[in-house]
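1. Take a look and give me a structure for this.
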Amino acid sequence: MNKKPSLDWDRSSEAPVLQVSGSWTLEQRKPELNDVWRQAGRLPEQVAVQVKVEAWDSSLLALLRRLQRLAAEQNISLTLLGLPDGVERLLQMAASPSTQAKEDEPPQYGWVARVGLAAQAATLALAHACTFIGEVVQAVGRLLAGKARMRRVDFWMALQQCGPGALPIVALIASLIGLILAFVGAAQLQAFGAQLYIANMVAIGMTREMGALMTAVIMAGRTGAAYAAELGSMQANEEIDALKTFGFPPLEFLVLPRLLALLVSMPILTVFADALGVFGGFVIGSGLFDISAAQYINQSLAMLTLTDFLIGLFKSLVFAVLIGLIGCYYGISCGRNAQAVGQATTNAVVSIIVALVVSDALITLICTQLGI
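-> So this is what the prediction gives:
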């Protein structure tokens, strides 16, 4: 049977020796160290601790550490004798100051080095993006050949998310854009008595530019961010690695359904936004400037051409590709922690909006140069 832990002073020698004996384990009731330490009275500069224990665990380590702290407070040199195997090493580890891992300070580069590093990072990012686009094109080719491993249920779920689920917000924003275009244009046209041309301005502005662009911006914040967050979470949880392990190509299994859903839903949402934008302009024209419904509709139809309508649809398809590719790219290339998922989502939305504005400007410039 293990003896109870004992802590006593041995004064048989010239210098007092603190005897630690018995079984120093957690389940044993232990003597109070502070009381025993005070019993010694005034202690010399050198104090020895003799350890003769039958069994020990972390309780012994805690006792010895407290003894070391008490001795240090009184400027007493403590000598530990008879330590069991491993205790001395553990005490050294406990006594060493805990050092937190400090991040290395970033090196200070000159402007030439910074330009070179930025160019290198841009080149690497461009190479990864081109590789991703090439793999997506190959996946689309396999889909057209009927060899892609894409589940139809994933496509219908993605279509429901970015199609009917987006109708309320698209309807609200498109109506307000039509109202704003009509009101701002009418304030200028009224000076010339040409309020009737509100219909022309709203119809052209919505079908060629604002309908497709505002729908794309809405889908960038709603669907593009969702794609980046979903795929980023899957990457962080190693679900994409699991798909690769089981032989499922991630691009065909995850990216293709989302990209196809956007290609189907974006033109429909754009037509819906065009109609509601024209209706918003009609509300302003008929409500504030006494333009009859027949006049407004006839003026809008006389101004619009099939070319204007098709240009808006073409832009919506380009925007759908940009939203799907950029959102999925940032999700697939996301890091493996929560912070990386948030960063990927933010980068995806910002990159999509920049790409939308640049592509819209390029398409408009090309159409202007071609006279269409």
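
2. Run through the helices of the stretch 251-372 of the chain in chain order.
-> Secondary structure of the stretch 251-372 of the chain (DSSP state H, counting those that start in this stretch): helices at 256-288, 293-303, 306-332, 338-370.

3. With mean pLDDT and mean neighbour count added, can I get those in CSV?
-> Where you see a C-beta, it was placed from the backbone N, CA and C, and this is true even at glycine. Formatted as CSV, the helices of the stretch 251-372 of the chain follow (pLDDT from 0 to 100; neighbours: other CB atoms under 10 Å):
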stretch, mean pLDDT, mean neighbour count
helix 256-288, 89, 22
helix 293-303, 82, 15
helix 306-332, 91, 22
helix 338-370, 91, 16
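
4. so which of those gets nearest R114?
-> Proximity to R114 (CB to CB) singles out helix 338-370 among the helices of the stretch 251-372 of the chain, at 20.7 Å.

5. and that closest one, what other elements does it pack with?
-> In this structure, helix 338-370 packs against helix 211-219, helix 225-236, helix 306-332, with contacts taken as 3 or more CB pairs under 8 Å, 6 or more residues apart in numbering; DSSP states H and E.

6. Can you tell me the SS state at N75?
-> What DSSP: H, G, I helix; E, B strand; the rest coil gives for N75 is coil.

7. Can you report how many residues lie near the residue nearest to it when sequence neighbours are not counted?
-> With sequence-adjacent residues excluded and distances taken as CB to CB, 6 or more residues apart in numbering, N75 is closest to E45, at 7.4 Å. By other CB atoms under 10 Å, 10 other residues sit near E45.

8. Quick check on E45: phi, psi?
-> Backbone torsions for E45, taken as degrees, to the nearest 10, come to phi -70, psi -20.

9. got the contact list for it?
-> Counting by CB atoms under 8 Å, 6 or more residues apart in numbering, E45 makes contact with N75, I76, S77.

10. quick one: contacts for the second one?
-> Contact partners of I76, counting by CB under 8 Å, 6+ apart, are L43, P44, E45, Q46, V47.

11. same thing but 6 Å
-> Residues in contact with I76 (CB atoms under 6 Å, 6 or more residues apart in numbering) are L43, V47.

12. sorry, back to before: could the helices and strands packed on helix 338-370 be laid out in TSV, adding distance to Q161?
-> Output for those, formatted as TSV (distance: least, CB to CB, whole Å):
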stretch	distance to Q161
helix 211-219	11
helix 225-236	7
helix 306-332	12
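
13. closest one to L83 among the ones you listed?
-> Across the helices and strands packed on helix 338-370, L83 has its closest neighbour in helix 225-236 (46.6 Å, CB to CB).

14. what mean pLDDT would you report for the next helix or strand after that closest one?
-> Per DSSP states H and E, the first helix or strand lying C-terminal to helix 225-236 is helix 239-245. For helix 239-245, mean pLDDT is 85.

15. how about stretch 210-223: buried residues?
-> 210-220, 222-223 (16 or more other CB atoms under 10 Å).
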